[in-house]
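Chemist: dropping a prediction and its sequence here:
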Amino acid sequence: MRLSELKVGDKAEVTAVKAESAVRRRIMDMGLIKGTRFKVLRVAPLGDPMEIVFKGLYLAMRKNEADGVMVRKVGDGAQCPAAKQFWRFGGKV
């Protein structure tokens, strides 16, 4: 699944960054790397841009940039106690 396909309130974990090299480098330099968990805060009416939060960083991304980030959804923490603890402490465990 791609980051651009997520809705407001969805929580997910990055599985891969497959954007073009310059965009990929910039995204990874900001800390959005494999294994990073984040939450989608806002999505503009036409889907571009979208805002996510992770590790205390609020990041707005264009849809074409978000298309290059592969993710997997994580539940509300009911199935995974570690995920629940992660979100309870603001993503800082």
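Modeler: The structure has been received and is ready for your questions. In this text, all values refer to a predicted model and were calculated from it rather than measured experimentally. Residues are numbered from 1 along each chain as shown.

Chemist: for the rest of this, base every contact and every neighbour count on C-alpha atoms.
Modeler: OK.

Chemist: any idea which residue sits dead centre in this structure?
Modeler: Closest to where the C-alpha atoms of the chain average out (CA atoms, centre = their mean) is F38, at 4.3 Å.

Chemist: got the contact list for it?
Modeler: F38 sits next to 11-13, 52-55, 91 when contact means CA atoms under 8 Å, 6 or more residues apart in numbering.

Chemist: chain neighbours aside, what residue packs nearest to it?
Modeler: Nearest in space to F38, with sequence neighbours left out and distances taken as CA to CA, 6 or more residues apart in numbering, is F54 at 4.6 Å.

Chemist: how about low-confidence regions in the protein?
Modeler: The model of the chain has pLDDT under 70 over residues 76-93.

Chemist: for it, just list every one of the strands.
Modeler: Assigned by DSSP state E, the strands in the chain fall at 11-17, 37-43, 50-54, 57-61, 69-74.

Chemist: possible to save those strands as JSON lines with distance to R2?
Modeler: As requested, the strands of the chain are arranged in JSON lines below (distance: least, CA to CA, whole Å):
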{"stretch": "strand 11-17", "distance to R2": "9"}
{"stretch": "strand 37-43", "distance to R2": "13"}
{"stretch": "strand 50-54", "distance to R2": "13"}
{"stretch": "strand 57-61", "distance to R2": "13"}
{"stretch": "strand 69-74", "distance to R2": "5"}
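
Chemist: for R25, which of those strands is the nearest?
Modeler: The minimum distance between R25 and the strands of the chain falls on strand 11-17, with 9.2 Å, by CA to CA.
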